[in-house]
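A.B. asks: Give the three-dimensional model of this entry:
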Amino acid sequence: MTDTAVVILNYNGRELLRRFLPSVVKHSGSARIVVVDNASADDSLEFVAKEFPQVERIRIDENRGFCGGYNASLKQIQADRYVLVNSDVEVTAGWLDPLGNILDLHPDVAAVQPKILSEKQKTHFEYAGAGGGLIDALGYPFCRGRLFYHLEADQGQYNDERQIFWSSGACMMIRSKLFHELEGFDEDFFAHMEEIDLCWRLQRAGHRIFYTGASTVYHVGGGTLSASNPRKTYLNFKNGLSLLYKNLPRHELTYKFPIRIVLDWIASFKFAVSGTFRDSAAVLKAHAHFFGRYPRELARRKRFSKLGYGTLPSQYKGSIVWDFFILGKRIARQLRDKD
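C.D. replies: Below you'll find the predicted structure:
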């Protein structure tokens, strides 16, 4: 029998746990449930111990971010499969079975995510994951059901099962053995896009990433950093450069990386023109951070070069920036995806 552990990373999230942990306890069957606390200043773990004594608890000695918090805690959890769930996620009846079935039926699938809808507007997809994560030729991530700021209503259009490029860190099931073999999340990312990096490495190692619309969860989103937070802008742009530099084959890196840099500068200029100067500065800070730590970035690229740089059939070959901002395409079904 496969052993599954549902692992919730918490940071000062007592109220989120109060709202959403009951659904996880109610609908997770025989799976172990573990709350990992990232050195919170509130009484999150005390609350869990009192209200949900059946839930296991792990305390991390400092806030190591999404990446470090999970890396440290999962080393302490013995299970065949991990289900990583944000503390602001409401799950539904039977949510685990379709995820587990995908891994049972497809031995080459390393990770799988459910349909992720907005907890605030349950008729619509949520930003982080939606109907399955994809990435374009220049490394810009997007989702079925969410292109940039445009969110689709859920009308059953993504009730399928299919291969995707990345599984959302808001809710994903992953084989524990592969998580550890691929060294988990890159802690230099701290938070944001770390799951894309891990899924890219998993595919380079010969595995697939899947989505199933037979499982549904609801995600609040922005529980740690809101979309308008310059810190989030900084992390997304810094990690976007690291993501490409670590994973692109050399012949693509030589021309795609300069293009991405120019596009980032254009984004910084647009932020400034629109009056969001802190976001504009965050982009430049992200670039300064990346190039200031270039030897470390180079070492990370070499470290994972053994995985190879094979063809990624789940990658969108076009440019989501061109399709969205120039051609006006707003839904994934309008994209030129031959897969």
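A.B. asks: which of the residues in the longest strand anywhere in the chain are buried?
C.D. replies: If you go by DSSP state E, the chain has its longest strand at strand 208-219. Along strand 208-219, the positions that meet the burial threshold by neighbour count (16 or more other C-beta atoms under 10 Å) are 208-219. Heads up, the C-betas are built off the backbone N, CA and C, glycines and all.
A.B. asks: I'd like to know which of these is nearest to Gly129.
C.D. replies: Distance ranking of the buried residues of strand 208-219 against Gly129, using C-beta to C-beta, places His219 first at 7.3 Å.
A.B. asks: what's the pLDDT at Pro313?
C.D. replies: Pro313 is assigned 84 on the pLDDT scale.
A.B. asks: which residues does the closest residue to Gly310 other than its chain neighbours contact?
C.D. replies: Closest residue in space to Gly310, ignoring its immediate chain neighbours: Arg204 at 6.5 Å, by C-beta to C-beta, 6 or more residues apart in numbering. Residues in contact with Arg204 (C-beta atoms under 8 Å, 6 or more residues apart in numbering) are 247, 304, 307-310.
A.B. asks: As JSON lines, those residues with neighbour count and pLDDT would be great.
C.D. replies: As requested, these are exported to JSON lines (neighbours: other C-beta atoms under 10 Å; pLDDT from 0 to 100):
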{"residue": "Asn247", "neighbour count": "22", "pLDDT": "97"}
{"residue": "Phe304", "neighbour count": "19", "pLDDT": "94"}
{"residue": "Leu307", "neighbour count": "16", "pLDDT": "94"}
{"residue": "Gly308", "neighbour count": "10", "pLDDT": "92"}
{"residue": "Tyr309", "neighbour count": "15", "pLDDT": "90"}
{"residue": "Gly310", "neighbour count": "11", "pLDDT": "83"}
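A.B. asks: Just these: which are in helices?
C.D. replies: Under the assignment DSSP state H, these contribute Asn247 to helices.
A.B. asks: Just the CA trace of stretch 94-112, in CSV.
C.D. replies: Listed next in CSV are the C-alpha coordinates belonging to stretch 94-112 (Å, rounded to 0.1, in the frame of the first residue of the first chain):
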residue,chain,number,x,y,z
GLY,A,94,-11.9,12.7,-3.0
TRP,A,95,-9.1,15.1,-4.0
LEU,A,96,-6.3,12.7,-3.4
ASP,A,97,-7.5,9.7,-5.3
PRO,A,98,-7.2,11.1,-8.9
LEU,A,99,-3.7,12.4,-8.1
GLY,A,100,-2.6,9.0,-6.8
ASN,A,101,-4.2,7.2,-9.7
ILE,A,102,-2.1,9.2,-12.2
LEU,A,103,1.1,8.0,-10.5
ASP,A,104,-0.2,4.5,-10.3
LEU,A,105,-1.0,4.3,-14.0
HIS,A,106,2.0,6.2,-15.3
PRO,A,107,5.3,5.1,-13.7
ASP,A,108,7.2,7.7,-15.6
VAL,A,109,5.1,10.6,-14.1
ALA,A,110,7.0,12.2,-11.3
ALA,A,111,4.5,14.8,-10.2
VAL,A,112,0.8,15.7,-10.7
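A.B. asks: Report the buried residues of that stretch.
C.D. replies: Using 16+ other C-beta under 10 Å, the residues of stretch 94-112 that count as buried are 95-96, 98-100, 102-103, 109-112.
A.B. asks: What of stretch 7-23?
C.D. replies: Those would be 7-14, 16-17, 20-21, 23, for stretch 7-23 by 16+ other C-beta under 10 Å.
A.B. asks: residues making contact with it?
C.D. replies: Counting contacts by C-beta under 8 Å, 6+ apart, the residues outside stretch 7-23 that touch it are 24, 33-45, 47-48, 51-52, 55, 63, 66, 69-70, 73-74, 77, 82-92, 220, 223-224.
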